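Participant: dropping the sequence and predicted coords here.
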Amino acid sequence: MKKSLNNSRKTIGILINEIDGWYGPPILKGIKKVALERDINLLIFPGRAINSTVRDEQQHNAVYNIINKQKLDGLIIACACLFNYIGSKESESFLDSFKDVPLVSIALEVPNTLSLVFDNKLSMYSIVKHLIEAHNYTRIAFISGLPSNSEARDRYEGYVAALKEHNIPLDKNYIVEGDFTEDSGSKAVELLFQQIKIKPQAIVASNDQMAVGASHKLKEMGVKIGRDIALTGFDNSDEVKFFTPPLTTVSQPTFKMGSLAAEYICDLLDGKSIDPCINIKGELVVRQSCGCLNIQFKKTTLKNAKLLSTNIDFDLAVQSFSTNLDNNKEKIILSVLEPLTISLSEIIETKKIIADFLDDLYEDIKAKNIKGRFLESLNYILSEDIALKNQAVNWNNFILSFRDIILQYATNYEILSLAEDIFYAACILTNSILTRFESYDIYNFRKLFRETLQTSEDFNTTLCREDLIEMLKKYMLKVDIKQCYLCLYDNPTIYLPDNLLPLPDKVNLFLCHTEKDEPYVECFDTYEMLPDKYLHLEERSDLLFTPLFIGSLHFGYIVFSVNNLEENIFETLREQISHSLNSQLLLNERKKAEEQLQIAVNKLEKYNHELHNLSIIDELTGLYNRRGFYIQSDKYYHWASSNSESFILFYGDLDGLKKINDTFGHKYGDEALKAAGKMLQKAFRNSDILSRLGGDEFTALATNISASYSLQLILERINSSFTEFNESATLPFTVSISIGYSIYEPNSQLSFDELIQRADANLYKEKKKRRDILN
């Protein structure tokens with residue numbers, strides 16, 4: 001049971017397969033109507049059928065994992081839909097998780113639970129019986145639901161019972177299993193005609209959706225429904241009422257079931273005693289798909305019209321008519337109510353409407369006014385009722401039923417004729433208003449569709465979460481959605497229902513759209529569903545929870561307050577927001593990958609640069625090594641020869657390196673080599689090419705230089721650099737170098753190797769000269 005909260009308004013959870021399909025919307029509308037009347041909050045969880053095998057439907061089940069029963073006063077579960085793909089053990093396990101919460105089950109009898117159960121067996125029996133008795137069909141194929149579904153089993157039993165009662169053998173070849181989806185109906189027809197190759201006279205589908213799928217396939221095959229073959233459905237969904245040809249089906253009062261479920265859960269919470277199982281009957285709706293013309297002539301009340309008196313004074317006849325109406329008012333009201341599928345809460349209100357209509361009708365007949373108070377009241381009631389999208393009363397049936405009953409009390413031909421004219425005008429008015437509102441609904445839907453399409457395009461171009469949130473805010477205001485909460489996990493998570501992988505513990509509230517612009521909680525525990533301050537606002541609310549996912553990747557969930565928008569808009573929004581979040585995730589991952597790639601490229605470039613340097617740079621001195629020197633000098637040699645430039649090539653040996661190594665060790669020898677490298681760098685320019693070829697050998701190429709002027713200057717700078725070093729150094733020896741050179745002049749025919757050989761020869765002469773001086 002829900003913990004005590006400051007807000008005393010009760011909160012009811014609704015677990016339903018979907019809000020944008022054929023079966024769920026009228027149930028939800030019935031529940032919402034009672035919730036409005038009795039001032040209760042609704043939390044709606046359209047989590048689809050558990051473990052569904054249809055596309056990604058199973059991923060919607062994730063929303064059931066966030067339900068916190070401590071925040072619910074009661075539950076309404078459309079059990080038959082939710083348990084379509086699972087057996088009794090899994091169903092019991094699921095319901096057991098809510099055992100502490102008062103519960104009403106729709107369409108499935110649950111032990112120790114208040115259950116609203118539709119008589120599927122008898123209703124299916126009536127369809128098959130009609131096909132047999134009205135059309136003499138004996139070859140009747142059957143498209144069943146899944147064996148795990150209790151409603152599917154009951155409907156199959158109704159089919160079998162009708163065949164048995166009429167002594168028609170049960171042929172398994174005529175039975176094909178479906179799963180209540182349109183696609184399975186199409187596949188069933190394909191199986192019957194193309195694989196099993198039988199020719200049934202009629203096909204009975206276990207629900208309207210499969211009948212529609214079967215119809216599409218039959219039309220594709222060129223089979224004329226209602227002439228070549230009969231086809232029936234089950235549910236009388238809004239989608240098939242104007243189908244071509246109109247579909248014969250069973251009317252399942254889903255709106256009434258929803259409103260009754262809401263009435264009963266409220267009564268349970270108020271401590272009232274209610275029967276544990278309420279059975280609801282269906283009604284056979286005969287249309288043209290079975291072969292009937294579906295034309296009804298209701299003129300029976302006028303068949304004896306000529307026998308009615310025309311001689312009685314009209315005023316006396318009217319007074320007698322009034323007395324008859326007054327004396328039979330309660331009977332008339334109950335007779336009019338009987339065919340209407342309305343909830344308990346509408347009965348009192350509808351009784352008053354009928355009583356007022358009786359008074360208005362009497363006054364109009366008395367005044368001989370066909371377009372009087374009755375039509376004015378009807379116009380007002382119809383406009384108000386339809387504008388509020390009240391599905392409780394089928395107003396066409398209401399007018400016809402009212403007419404049939406009232407005309408029975410007419411004892412004067414003129415009164416009967418006036419009443420008939422008034423009811424005829426009422427039928428025209430009713431159809432006119434219905435058509436007007438349907439046209440207005442179509443206009444609004446197209447407008448909403450265009451706006452949603454534009455918003456979807458905007459969603460697809462959002463590159464960041466902040467832009468998405470701003471677009472959502474604008475759209476919520478545009479379509480008058482009062483509340484919207486975008487709840488996202490820190491990181492997207494993989495949801496695998498079979499492995500019972502838990503959802504993240506925490507969720508972040510990135511958007512809190514309410515009528516009050518106030519600070520909001522930014523992070524909360526996932527099990528909270530939503531912080532209490534948003535679940536229990538001052539105004540009553542119907543909140544829809546739906547998961548945000550692509551494939552098995554879940555980003556979080558979004559919560560909408562449900563208004564009178566078309567139900568499929570919410571699913572469209574869910575999909576678009578999910579795609580936008582996924583695009584942003586992919587974009588972020590791409591950016592991260594590009595950043596990582598750029599880092600890797602930079603590292604590779606740095607590594608290649610270092611590797612290149614290692615291959616051309618002498619590690620000890622930092623000058624070019626032999627390879628580096630030849631690469632750089634060869635380039636310069638060819639450039640100089642092409643551009644008539646001169647340069648000087650120097651070739652030198654470090655004096656006494658072997659003696660230094662032998663006397664002081666290689667460490668000091670390395671110090672001498674490094675010192676020589678530094679002194680050469682000091683003596684030459686940055687544009688010159690310096691190298692240590694190896695051992696004690698050094699080279700230098702002085703670029704773009706006049707030999708006659710610069711040779712002696714460079715030699716002096718070399719000697720000066722070494723002299724200055726030795727004067728300040730604390731080494732136990734003197735560092736010196738012997739230098740040879742060769743000069744390259746423009747138009748010279750010397751190759752680079754010949755220049756090196758000349759420089760080496762000059763070096764040899766220089767060293768010999770020094771030895772001679774020393775000796």
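Facilitator: Good, I have the coordinates. Residues are numbered from 1 along each chain as shown.

Participant: hang on, Gln70 is in a helix, isn't it?
Facilitator: Yes - under DSSP: H, G, I helix; E, B strand; the rest coil, Gln70 falls within a helix.

Participant: if I look at it, how far off is Phe98?
Facilitator: 11 Å (CB to CB, to the nearest Å). For the C-beta atoms, the positions are set from N, CA and C on the backbone; glycine is no exception.

Participant: which one of the two has more residues nearby?
Facilitator: Higher neighbour count among Gln70 and Phe98: Phe98, with 19 against 13, using other CB atoms under 10 Å.

Participant: for Glu182, what are its contacts?
Facilitator: By CB atoms under 8 Å, 6 or more residues apart in numbering, the residues touching Glu182 are 209-210, 212-213, 216.

Participant: checking Leu649 next. Helix, strand or coil?
Facilitator: Leu649 ends up strand, using three-state DSSP.

Participant: count the neighbours of it for me.
Facilitator: 24.

Participant: with Arg540 instead?
Facilitator: 14.

Participant: and what of Gly656?
Facilitator: 17.

Participant: same check on Lys71?
Facilitator: Per other CB under 10 Å, the neighbour tally for Lys71 reads 20.

Participant: hang on, it packs against Lys10?
Facilitator: No - using CB atoms under 8 Å, Lys71 makes no contact with Lys10, being 11.3 Å away.

Participant: got any ranges where this protein has weak pLDDT?
Facilitator: 1-7, 294-312, 338-348, 385-393, 497-501, 517-521, 564-566, 707-709, 774-775 (pLDDT under 70).

Participant: give me the longest strand you can find in it.
Facilitator: strand 484-494 (DSSP state E).

Participant: only the buried residues of it, if you could.
Facilitator: 484-489, 492-493 (16 or more other CB atoms under 10 Å).

Participant: check which helices and strands the helix or strand just after that strand sits against.
Facilitator: Next in sequence after strand 484-494, counting helices and strands by DSSP states H and E, comes strand 506-513. For strand 506-513, the packing partners by 3 or more CB pairs under 8 Å, 6 or more residues apart in numbering; DSSP states H and E come out as helix 465-478, strand 484-494, strand 523-525, strand 553-561.

Participant: sheet partners, orientation included, of strand 506-513?
Facilitator: Partners of strand 506-513 in the sheet, by DSSP bridges, are strand 484-494 (antiparallel), strand 523-525 (antiparallel).

Participant: now the longest one against strand 553-561, angle please.
Facilitator: Yep, that's strand 484-494 we're talking about. Counting by axes from the mean of the first three to the mean of the last three CA atoms, to 10 degrees, strand 484-494 lies at 160 degrees to strand 553-561.

Participant: which residues touch strand 484-494?
Facilitator: 469, 472, 476, 501, 503-504, 506-513, 526, 530, 534, 548, 552-561, 577, 581, 585.

Participant: show me which of those are buried.
Facilitator: Buried among the contacts of strand 484-494 (16+ other CB under 10 Å): 472, 476, 503-504, 507, 509-513, 526, 530, 534, 548, 553-561, 577, 581.

Participant: right, and the helix or strand after the helix or strand where Asp326 lies?
Facilitator: Taking DSSP H and E as the definition, one finds Asp326 inside helix 314-327. Per DSSP H and E, the first helix or strand lying C-terminal to helix 314-327 is helix 329-337.

Participant: what's near enough to touch the residue lying closest to His60 once chain neighbours are set aside?
Facilitator: Using CB to CB, 6 or more residues apart in numbering and skipping the chain neighbours, the partner closest in space to His60 is Arg48 (3.9 Å). Arg48 makes contact with 17-18, 57-58, 60-61 under the criterion CB under 8 Å, 6+ apart.

Participant: Ser736 too?
Facilitator: With the criterion set at CB under 8 Å, 6+ apart, Ser736 makes contact with 654-656, 722, 726.

Participant: mind redoing it with 7 Å?
Facilitator: Contact analysis of Ser736 by CB atoms under 7 Å, 6 or more residues apart in numbering lists 655, 722.

Participant: for it, grab phi and psi.
Facilitator: Ser736 adopts backbone torsions of phi -140, psi 170, taken as degrees, to the nearest 10.

Participant: ok, now the one 3 residues further on?
Facilitator: As for Ile739, its main-chain torsions (degrees, to the nearest 10) stand at phi -120, psi 130.

Participant: distance of it from Ser52?
Facilitator: 90 Å.

Participant: do Asn327 as well
Facilitator: As judged by CB to CB, Asn327 and Ser52 stand 57 Å apart.

Participant: and those two? Which one has more around it.
Facilitator: Remark: of Asn327 and Ser52, Ser52 carries more neighbours, 22 against 11, as counted by other CB under 10 Å.

Participant: the more buried one contacts Gln59, correct?
Facilitator: No - applying CB atoms under 7 Å as the test, Ser52 and Gln59 come out as separate, 9.3 Å apart.

Participant: nearest residue to Pro169 other than its sequence neighbours?
Facilitator: Nearest non-adjacent residue to Pro169 (CB to CB, 6+ apart): Leu163, at 7.5 Å.

Participant: about what we covered before: among the contacts of Glu182, who's most crowded?
Facilitator: Met210 (30 neighbours).

Participant: report the two of the buried residues of strand 484-494 separated the most.
Facilitator: Cys484 and Thr493 (22.1 Å; CB to CB).

Participant: and of the helices and strands packed on strand 506-513, who's closest to Tyr607?
Facilitator: Here strand 484-494 is closest among the helices and strands packed on strand 506-513 (CB to CB), at 32.8 Å.

Participant: pretty sure Phe629 sits against Glu697.
Facilitator: No - with contact defined as CB under 7 Å, Phe629 does not count as touching Glu697 (10.3 Å).

Participant: more neighbours: those two, which one.
Facilitator: Phe629 (23 against 16).
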